[in-house]
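1. Below: sequence and its predicted model.
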Amino acid sequence: MTNSQVTVEDLLDLRTLSAVDVSTDGQRVAFVVDGGATAKGKLPESRVWIAHTDGDAREATRGPGSDSLPRWSPDGRQLAFASDRDHAGLMGLYLLDFRGEARAVGDLPGSVEDVRFSRDGSYVLVLAADPGSDKAGGQAATKIQEHDGDEQDPIVRRPNEAWRRLYRIDLDSGATTELSPRGSNVWEFGWSGGGQAVAVVSDDPTESAWFGARVALLDLDTREVRSVYEPEWQLQSPVISADGRHVAFVEGLASDRMIVTGTTTMIELASGAVNRLAPDHDVVTLRWLDGDQLFYVGTRGIGTMCGRIALDGTVDELWSGPASIGTSQSSAAACSADARTVAAAKDAPGEPPELCVLAGDGWRTLTRVNAALADRTVPDVERFVWSASDGLDIEGILLRPAERGDEPLPLVVQVHGGPTATWTLEFSAGPFGMGVALGNAGYAVLLPNPRGSTGRGQAFSRANLGDMGGGDLQDILAGVEALVEAGIADRERVGITGGSYGGFMSAWAITQTDAFAAAIPCACISNWLSFHNTSNVGRWDELYLQSDPYDPAGDYFARSPVMHARACTTPTLLLHGEVDLCTPLGQAEEMYRALVDAGCEAELVVYPRGGHGWWERDHRRDTLQRMLAWFAHHLTASSLAAPDPT
């Protein structure tokens, strides 16, 4: 008997796991389970869970609202976490001691983004963002503000009003003291419990300023800041050794805060010596272990990996394989102080996300939060490799219906965001489960990792600098041609979609080639100049285009889809969030108008309250159903029935 296929409703019910933290003794794991897509006008909900490594897992918090960022105290008797239960949209600090209800601690004027315990567990350091701060693109790129609070009327904008600050909170008294250096915005920090912390800081609190942030030491007594490293690229995951002699961090070209993939860089503070550790490893997160070792998590091709790096650069790889630990866009795992216990949210094709612990060279599953989907039929998945026009090998992920004949299939190319990101093997194969939905509906689906993607070293990641929509588009077109030549795809029935940079590529491709019979750009970029002047990440386009925004002969004009839309004939469905700060709604409106003026079939759908991605159930259902219907209308032959949208 054939198992039933994963449906759109199943994909809406899919629960994700994140923010994993392992107790010092390695016996317990705290993590977050989200509540799935929400009702109209409601913010996302989530709960903190606790699992024993013997397999017993339970929900530890009850909300309401969003509970997140669990952190174990050194003795394991308390669990700190963030929650917006008292002020929807603003995360406060709470403490769970397992003897009763969680209690609020501290008096923070901002929204909690990270927590670290002191060595004796008597106080915590908390990173909090002022209301009005921007969320990163991966967090939907909206403002941090209290939900249903008083609306600003009129809306007034001034520079440098919302900062990210570091606070100390005494857990007995609740006394809250700001520790941030004045005039420094703290994006991330690392702390081993001593008198100084290491941080990624900038003098400007805007999202654009993050692209030029530096590494600094923060004196927690005097609030002084000392810069110790001015990077060439972007920074993530700063950590400091217990003896205070070394700091380490990830540095790499990055298009988005919170998804940096790069090289592990270590600085000896006394001498200032800089050492690149294991430069062939694309690392995302770090943790300083007992002794002179770092725990790392990263990507390799379409898989992920984790292990230990010694200060001399020696690598002890604990695991690597064809699966995602963390998420496809941000690999993550946690470990005990000695790395004997490693835990992560893990998923793979046919294996929905669950909390797992590393056991030998494999993973042991501790939860069954997505058990209902484990036996459903999903598309067949394989690694697909082809040659670019210059001979460079390009890889991607290919999905095909589990039940199919020998005839070429309609093909949808799904381009990832970033562009400095990657597709890794996971259950849903893209946002909202788009890859699975399309594969089960009868399509071949290609998730390409063209030049500019991560997981293949920094040279490959930087290969599209100053050439967005150039070599990377040619890599994608070569992948389509390879699938056609292999008899897998039908040349006349090829579509393209993607979000963010994938949205740009979807809009750009249809103005440069007639290879695509339909397109669905999501959260797209269509006009680089207006994007530069309206997005909250204007420094990003300067970095990646490497051109003057106001040069009429430069790439801001030459690489803008709207400038080439007059000749476009590809039917195009544009999907966009109304309050997206990263790719503002005007980008989709400009492309829509340009296509309509060109006489091209076009439709624009705007999701109210949606940012750089949207979380309401009705909106996500609408996205999947519209996408399936659009491609069914424009790509499927009469012999392939339109898919059932439910």
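-> Sure thing, it's come through.

2. can you pull out the helices in this structure?
-> Counting by DSSP state H, residue ranges of the helices within the chain are 8-13, 434-440, 458-461, 471-485, 501-512, 528-534, 538-545, 555-558, 585-597, 617-635.

3. quick one: which of these is nearest residue 43?
-> With CB to CB as the measure, helix 617-635 is the member of those nearest residue 43 (12.8 Å). Placement of C-beta: from N, CA and C, glycine included.

4. same for the closest one, what does it pack against?
-> In this structure, helix 617-635 makes packing contacts with helix 8-13, strand 409-415, helix 434-440, strand 489-499, strand 518-522, strand 572-577, strand 602-607, judged by 3 or more CB pairs under 8 Å, 6 or more residues apart in numbering; DSSP states H and E.

5. With distance to residue 379 and mean pLDDT as new columns, can the helices of the chain be given to me in TSV?
-> Conversion of these to TSV gives the following (distance: least, CB to CB, whole Å; pLDDT from 0 to 100):
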stretch	distance to residue 379	mean pLDDT
helix 8-13	13	93
helix 434-440	3	96
helix 458-461	27	96
helix 471-485	15	98
helix 501-512	19	98
helix 528-534	34	98
helix 538-545	32	96
helix 555-558	37	96
helix 585-597	29	98
helix 617-635	14	97
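
6. coming back round to it: among the helices and strands packed on helix 617-635, which is nearest residue 207?
-> Checked against CB to CB, the stretch from these lying closest is strand 572-577, at 16.2 Å.

7. Show me the one of the helices of the chain that comes nearest residue 248.
-> Nearest to residue 248 among the helices of the chain is helix 458-461; the distance by CB to CB comes to 16.7 Å.

8. Centre of the chain to the closest one, how far?
-> Helix 458-461 has its C-alpha centroid displaced from the chain centroid by 19 Å (CA atoms, centre = their mean, to the nearest Å).

9. Same question for that helix: list its buried residues.
-> Taking 16 or more other CB atoms under 10 Å as the basis for neighbour counts, the residues of helix 458-461 that come out buried are 458, 460, 461.

10. ok, and what's touching that helix?
-> Residues outside helix 458-461 that contact it (CB atoms under 8 Å, 6 or more residues apart in numbering) are 252, 253, 261, 262, 263, 279, 282, 420, 451, 452, 453, 454.

11. export the helices and strands packed on helix 617-635 to CSV and tack on distance to residue 268 and mean neighbour count?
-> CSV is the format used below for those (distance: least, CB to CB, whole Å; neighbours: other CB atoms under 10 Å):
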stretch, distance to residue 268, mean neighbour count
helix 8-13, 49, 18
strand 409-415, 41, 27
helix 434-440, 45, 28
strand 489-499, 41, 23
strand 518-522, 45, 28
strand 572-577, 45, 26
strand 602-607, 50, 18
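
12. got CSV for these, with distance to residue 244 too?
-> What follows is those, written out as CSV (distance: least, CB to CB, whole Å):
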stretch, distance to residue 244
helix 8-13, 47
strand 409-415, 44
helix 434-440, 46
strand 489-499, 42
strand 518-522, 46
strand 572-577, 44
strand 602-607, 48
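
13. least reliable of those going by mean pLDDT?
-> Considering the helices and strands packed on helix 617-635 one by one, the lowest average pLDDT is found for helix 8-13, at a mean of 93.

14. list the helices and strands it packs on?
-> Packed against helix 8-13, as judged by 3+ CB pairs under 8 Å, 6+ apart, are the following elements: helix 434-440, helix 617-635.

15. Please name every helix or strand in contact with the first one.
-> Contact analysis of helix 434-440 by 3+ CB pairs under 8 Å, 6+ apart lists helix 8-13, strand 393-400, strand 409-415, strand 444-449, helix 617-635 as its packing neighbours.

16. at 6 Å what do you get?
-> The helices and strands touching helix 434-440, judged by 3 or more CB pairs under 6 Å, 6 or more residues apart in numbering; DSSP states H and E, are strand 444-449.

17. what bits of the stretch 251-400 of the chain have low per-residue confidence?
-> Scanning the stretch 251-400 of the chain for pLDDT under 70 picks out 328.

18. Now do stretch 593-605: distance to the chain's middle.
-> With CA atoms, centre = their mean as the basis, the mean position of stretch 593-605 lies at 30 Å from the chain mean.

19. what distance separates the start and the end of it?
-> Using CA to CA, to the nearest Å, the gap from the first to the last residue of stretch 593-605 comes to 13 Å.

20. just use 622 as the starting number from now, easier for me
-> Got it, first residue is 622 now, which makes that one stretch 1214-1226.

21. about what we covered before: save the helices of the chain as CSV, and put in distance to residue 680 too.
-> What follows is the helices of the chain, written out as CSV (distance: least, CB to CB, whole Å):
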stretch, distance to residue 680
helix 629-634, 17
helix 1055-1061, 27
helix 1079-1082, 39
helix 1092-1106, 43
helix 1122-1133, 35
helix 1149-1155, 42
helix 1159-1166, 38
helix 1176-1179, 50
helix 1206-1218, 37
helix 1238-1256, 21
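
22. what's the closest of the ones you listed to residue 940?
-> Between residue 940 and the helices of the chain, the shortest separation by CB to CB is 22.7 Å, and it involves helix 1079-1082.

23. start to end distance for stretch 863-874?
-> Using CA to CA, one end of stretch 863-874 lies 28 Å from the other.

24. do stretch 794-813 as well
-> Start-to-end, stretch 794-813 (CA to CA) is 23 Å.

25. swap in stretch 629-642?
-> For stretch 629-642, the separation between the terminal residues is 31 Å (CA to CA).

26. Also stretch 1188-1198?
-> Separation of the first and last residues of stretch 1188-1198 by CA to CA is 27 Å.

27. for stretch 844-853, same thing?
-> With CA to CA applied, stretch 844-853 spans 26 Å between its terminal residues.

28. Could you do stretch 983-1001 as well?
-> As for stretch 983-1001, its first-to-last residue distance stands at 22 Å under the measure CA to CA.

29. Just the buried residues of that stretch, please?
-> Along stretch 983-1001, these residues count as buried under the neighbour rule (16+ other CB under 10 Å): 984, 987, 988, 990, 991, 994, 997, 999, 1000.

30. with these in mind, which one is nearest to residue 1090?
-> Nearest to residue 1090, judged by CB to CB, of the buried residues of stretch 983-1001 is residue 1000 at 28.6 Å.

31. for that closest one, what are its contacts?
-> 1020, 1021, 1022, 1060 (CB atoms under 6 Å, 6 or more residues apart in numbering).

32. what about 8 Å?
-> Counting by CB under 8 Å, 6+ apart, residue 1000 has contacts 970, 1020, 1021, 1022, 1023, 1050, 1056, 1057, 1060, 1061, 1066.

33. for stretch 714-731, the distance to its chain's centre please.
-> In this view, stretch 714-731 has its centroid 28 Å away from the chain centroid, taken as CA atoms, centre = their mean.

34. I meant stretch 1061-1073, not that one.
-> Relative to its chain's centre, stretch 1061-1073 lies at 19 Å (CA atoms, centre = their mean).

35. What's the end-to-end length of that stretch?
-> Distances were taken as CA to CA; on that basis the terminal residues of stretch 1061-1073 are 29 Å apart.

36. Kindly report the same for stretch 670-677.
-> Stretch 670-677 has its terminal residues 11 Å apart, counting by CA to CA.

37. got it, and stretch 983-999?
-> The separation between the terminal residues of stretch 983-999, taken as CA to CA, is 23 Å.

38. same thing with stretch 794-802?
-> One end of stretch 794-802 to the other measures 24 Å (CA to CA).

39. With stretch 756-766 instead?
-> Taking CA to CA, stretch 756-766 runs 10 Å from one end to the other.

40. Stretch 1192-1208 too?
-> Distances were taken as CA to CA; on that basis the terminal residues of stretch 1192-1208 are 18 Å apart.

41. where does the stretch 722-871 of the chain dip in pLDDT?
-> Scanning the stretch 722-871 of the chain for pLDDT under 70 picks out no residues.

42. Kindly indicate which of the buried residues of helix 1079-1082 lies nearest residue 722.
-> Closest to residue 722 out of the buried residues of helix 1079-1082 is residue 1082 (46.5 Å), distances taken as CB to CB.
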